[in-house]
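**Student:** please find the sequence and the predicted model below.
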Amino acid sequence: MNAIEVDNLSKSYGKVDALKGVSFEVRKGELFGLIGPDGAGKTTLFRLLTTLLNPDSGSAKVEGCDIVKDYLSIRSRIGYMPGRFSLYSDLSVEENLNFFAAIFGVKIEESYDLVAPIYKHIEPFKNRKAGKLSGGMKQKLALSCALIHRPSVLFLDEPTTGVDAVSRSEFWDMLAGLKLKGITILVSTPYMDEANRCDRIALCNEGSILSIDTPEKIVQSFDSKLYGVKAKNMFALLESSRKFRGVVNCYPFGEWHHIVIDKDFDIEALKKENCLIEGFEIKSVDASIEDVFIKLMKK
Amino acid sequence: MKGNFISFVKKESLHILRDKRTMLIVMLIPVVLMILFGFAISTEVNNIRVAVVAPERTDGICDAVEKISQNSYFTFCGYINNDDVDNKLRTNEVSAVIVFASDYDRRVALASEGIPTKPVIQVIVDASNVNSAGAATAYLQNILLGAESQQSMFETRMLFNPQMKSAYNFVPGIMGLIFILVCAMMTSVSIVREKEMGSMEVLLVSPVRPVKIIFAKMIPYFAISCIVLITILMLAHYLLEVPMTGGVGGILSISILYLILSLALGLLVSTIAKTQVVALLISAMVLMMPIMMLSGLLFPIENLPKFFQVVSNIVPARWYIDAVRKMMIQGESITAVWQNCAILFGMTVALLGISLKKFNDKLE
């Protein structure tokens, strides 16, 4: 059975269509990622699935319960961590945890095995006010609070936004640990590089899902050849490359520009044209999820 | 599930206790207002400086002047010349001048013999402040005619508040205002803060029912308001010497009813407002202004235009202030103001009903 089933879900705010008929399934025990930029509809989807909003059309089930009809039974089974820090910054770390344990009617000891691997990172600061924690520690506390009642499905809306690279990596390690305990996790992120840590991902943009698959298969679906180019004057290079014959798309990618080509492209001709340009380099690169995303968005 | 309610109340109390500044304001405002209205801001007229113009200082006139200078509301500034009257008033050296006619003594004597005549006194008052001018003439009339009481057709007795102390009038008004401030404003801001911070999302996605969240929020504010209520009553009784002859129990009961009503109002505001600023504005503009203007706190309701008199009926503070005035000053018991109680109770039930219905366990 699937932990989450989403069928043609739509939601609009006034004239803005936040979600335009989205469908997907998340299997039990899966770590499923929603990857997409701001405004892709990720938060709306989370609020629908956590029963905070009602959909305009379509339906969805979480653990077999309908998000409209059985919303109360969903609420006791899921853990939800909203995008921004939403614990009480004037309460200490420990008070926050105790409070959430109390409202779910559980004792911290009952879920300690689940929470401990995460909570132990912030336990030395348990008397500190939550508002005075660093970004990474805040997220660990929020995750601990979301786990306190042993939810079977965990909804994490952009948990790593605004968190440093080391803490982000640690955070994903923790999610991998939770997955081993059988918890289904739906996580959203705007960072493409985090997609590889998921079992399956859905690339979303402007309220629609562009593609759903494992990160490997998504990368494999990139069927064009890809080069990286670099020069001292990157902007001029971008302009000239875009005009070059056989170049389908050229876009900045880190310190390189990626160029997507078709069969008319002649690499020697490009090298020849740019040979006098200062610092020019070209290399063949493997596609990443971001390249796939850019390609899908162009369609 | 009882445990989670208690921990909710505990959490709310922690929020309030840790926000020392707000706490201080809430506790201090009532005291400051009471002292301000009780002492500094007062509609009583004191220390009216009076000068006297008399053609000659006869016994009768000296008698009258003696009476004026002994009265604590007046300060006698001496005899002046007829030509100086305008000047003295203009330079603010005096605010009232009494001019005795030259035949004052003779007329007083005639009057006491039963011959229908009246002593002629002219009072010239600086009326740039209408209130104090009116009060001053009234006092003077009282003093001077009081001496000839057999001549005067009116005998005025000020019941319940014979010295016309304004504190008596203001204390119930301040109570009506403060509880809206503490209960309605603070509860609405605290609920809206959770919405704004996003913690409401987490609370809603939990098995706790919204009704519990709301009542847990109300309890600490209710407790604070009770402390404020007792502070006000103590200040009123011991510092401002408001009589409270109607019994403290009655005043406490109707005040607690009014507290609950204010909490319900705050709850209603919180269901409308999306941000703390909006909640504050609504509380200040929509709740506080009518109390200031339409509840009889500053202006008697009978003096308002007809339209506003009708509008004032829906201002809960109007009924509360009216009832408390009756109980504190006129010494009525709570049974005498049962109508006010019934209206307040009805309003409370309606407000609670509407806001609980409006308080959604979803985000929209």
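**Tutor:** Structure received. Numbering: from 1, shown residues only, chains lettered A, B, ... in the order given.
**Student:** against chain B, how distant is the residue nearest the centre of chain A?
**Tutor:** The C-alpha lying nearest the average C-alpha coordinate of chain A belongs to A:Thr189 (Cα atoms, centre = their mean; 2.2 Å). Distance of A:Thr189 to chain B, given as Cβ to the nearest Cβ, to the nearest Å: 18 Å. (Glycine included, C-beta is placed from N, CA and C.)
**Student:** so who does that residue touch?
**Tutor:** A:Thr189 is in contact with A:Gly33, A:Leu34, A:Ile35, A:Glu158, A:Pro159, A:Thr160, A:Thr161, A:Ala195, counting by Cβ atoms under 8 Å, 6 or more residues apart in numbering or on different chains.
**Student:** can you do 10 Å?
**Tutor:** Counting by Cβ atoms under 10 Å, 6 or more residues apart in numbering or on different chains, A:Thr189 makes contact with A:33-36, A:42, A:156-161, A:168, A:172, A:195, A:197-198, A:201.
**Student:** and A:Phe24, what helix or strand is that in?
**Tutor:** Following DSSP states H and E, the helix or strand that holds A:Phe24 is strand A:16-27.
**Student:** in that strand, which residues are buried?
**Tutor:** Neighbour counts over strand A:16-27 (16 or more other Cβ atoms under 10 Å in any protein chain shown) mark A:Asp17, A:Ala18, A:Leu19, A:Lys20, A:Val22, A:Phe24, A:Glu25, A:Val26 as buried.
**Student:** could you dump those residues to JSON lines with distance to A:Leu9 and pLDDT?
**Tutor:** Shown next, in JSON lines, are the buried residues of strand A:16-27 (distance: Cβ to Cβ, whole Å; pLDDT from 0 to 100):
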{"residue": "A:Asp17", "distance to A:Leu9": "12", "pLDDT": "91"}
{"residue": "A:Ala18", "distance to A:Leu9": "10", "pLDDT": "92"}
{"residue": "A:Leu19", "distance to A:Leu9": "6", "pLDDT": "93"}
{"residue": "A:Lys20", "distance to A:Leu9": "9", "pLDDT": "93"}
{"residue": "A:Val22", "distance to A:Leu9": "5", "pLDDT": "94"}
{"residue": "A:Phe24", "distance to A:Leu9": "9", "pLDDT": "95"}
{"residue": "A:Glu25", "distance to A:Leu9": "12", "pLDDT": "94"}
{"residue": "A:Val26", "distance to A:Leu9": "13", "pLDDT": "95"}
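**Student:** nearest to chain B, of those residues?
**Tutor:** A:Ala18 (12.1 Å; Cβ to the nearest Cβ).
**Student:** distance of that closest one from A:Ile148?
**Tutor:** 30 Å (Cβ to Cβ, to the nearest Å).
**Student:** what of A:Met1?
**Tutor:** Distance from A:Met1 to A:Ile148, by Cβ to Cβ: 25 Å.
**Student:** any chance you could map the strands in chain B?
**Tutor:** Remark: strands assigned in chain B by DSSP state E are B:48-53, B:74-79, B:96-100, B:121-125.
**Student:** who in the stretch 101-250 of chain A is up against chain B?
**Tutor:** Counting by Cβ under 10 Å from any Cβ of the partner chain, the stretch 101-250 of chain A comes close to chain B at A:101-107, A:129, A:142, A:145-146, A:149, A:151, A:155, A:157.
**Student:** what's the helix or strand for the closest residue to A:Ile67 other than its chain neighbours?
**Tutor:** Sequence neighbours aside, A:Ala60 is the residue nearest to A:Ile67 in space, at 4.8 Å (criterion: Cβ to Cβ, 6 or more residues apart in numbering or on different chains). For A:Ala60, the host element (DSSP H and E) is strand A:57-62.
**Student:** that strand to strand A:16-27, inter-axis angle?
**Tutor:** On the basis of axes from the mean of the first three to the mean of the last three Cα atoms, to 10 degrees, strand A:57-62 is oriented at 40 degrees to strand A:16-27.
**Student:** which intervals of the stretch 101-250 of chain A have sub-threshold pLDDT?
**Tutor:** Across the stretch 101-250 of chain A, nothing is flagged by pLDDT under 70.
**Student:** in stretch B:256-270, what counts as buried?
**Tutor:** B:257-270.
**Student:** pull the distance from the following helix or strand past the strand holding A:Phe24 to the chain's centre.
**Tutor:** Toward the C-terminus, strand A:16-27 is succeeded by strand A:31-35 as the next helix or strand (DSSP H and E). Here strand A:31-35 shows a centroid-to-chain-centroid distance of 5 Å under the convention Cα atoms, centre = their mean, to the nearest Å.
**Student:** so the residue nearest to the centre of chain A bridges to which residues?
**Tutor:** A:Ile35 (DSSP bridges).
**Student:** give me the pLDDT for the closest residue to B:Gly249 other than its chain neighbours.
**Tutor:** Once flanking residues are discounted, B:Gly249 sits nearest to B:Ile334: 7.5 Å by Cβ to Cβ, 6+ apart. Note on B:Ile334: pLDDT of 83.
**Student:** any idea how many residues pack against the closest residue to B:Asp19 other than its chain neighbours?
**Tutor:** Among residues not flanking B:Asp19 along the chain, A:Asp90 sits closest, at 7.0 Å (Cβ to Cβ, 6+ apart). Using other Cβ atoms under 10 Å in any protein chain shown, the number of residues around A:Asp90 comes to 16.
**Student:** hmm, A:Asp90 is touching A:Gly131, no?
**Tutor:** Yes: counting by Cβ atoms under 10 Å, A:Asp90 sits close enough to A:Gly131 to count as a contact (6.5 Å).
**Student:** on that earlier part again, who has more neighbours out of A:Met1 and A:Ile148?
**Tutor:** Neighbour tally, A:Met1 and A:Ile148, criterion other Cβ under 10 Å: the higher count belongs to A:Ile148, 27 against 9.
**Student:** what does the stretch 251-364 of chain B have sitting close to chain A?
**Tutor:** B:Asn360, B:Asp361, B:Lys362, B:Leu363, B:Glu364.
**Student:** next, the contact list for the last one, please.
**Tutor:** If a contact means Cβ under 10 Å, 6+ apart, then B:Glu364 has A:Tyr13, A:Arg47, A:Leu52, A:Leu53, A:Asn54 as its contacts.
**Student:** so how far is B:Ser102 from the first one?
**Tutor:** Distance, A:Tyr13 to B:Ser102, by Cβ to Cβ: 88 Å.
**Student:** and for the third one?
**Tutor:** The span separating A:Leu52 from B:Ser102 equals 90 Å under the rule Cβ to Cβ.
**Student:** sorry, back to before: helix/strand/coil for the residue nearest to B:Asp19?
**Tutor:** At A:Asp90 the chain is in coil, as set by DSSP: H, G, I helix; E, B strand; the rest coil.
**Student:** on that earlier part again, of the contacts of B:Glu364, closest to chain B?
**Tutor:** Distances from chain B to the contacts of B:Glu364, taken as Cβ to the nearest Cβ, are shortest for A:Leu52 (4.6 Å).
**Student:** backbone torsions only: list them for the closest one.
**Tutor:** Backbone geometry at A:Leu52, expressed as degrees, to the nearest 10, gives phi -80, psi -20.
**Student:** name the nearest residue to it, ignoring sequence neighbours.
**Tutor:** Among residues not flanking A:Leu52 along the chain, B:Leu363 sits closest, at 4.6 Å (Cβ to Cβ, 6+ apart).
**Student:** much appreciated, bye for now.
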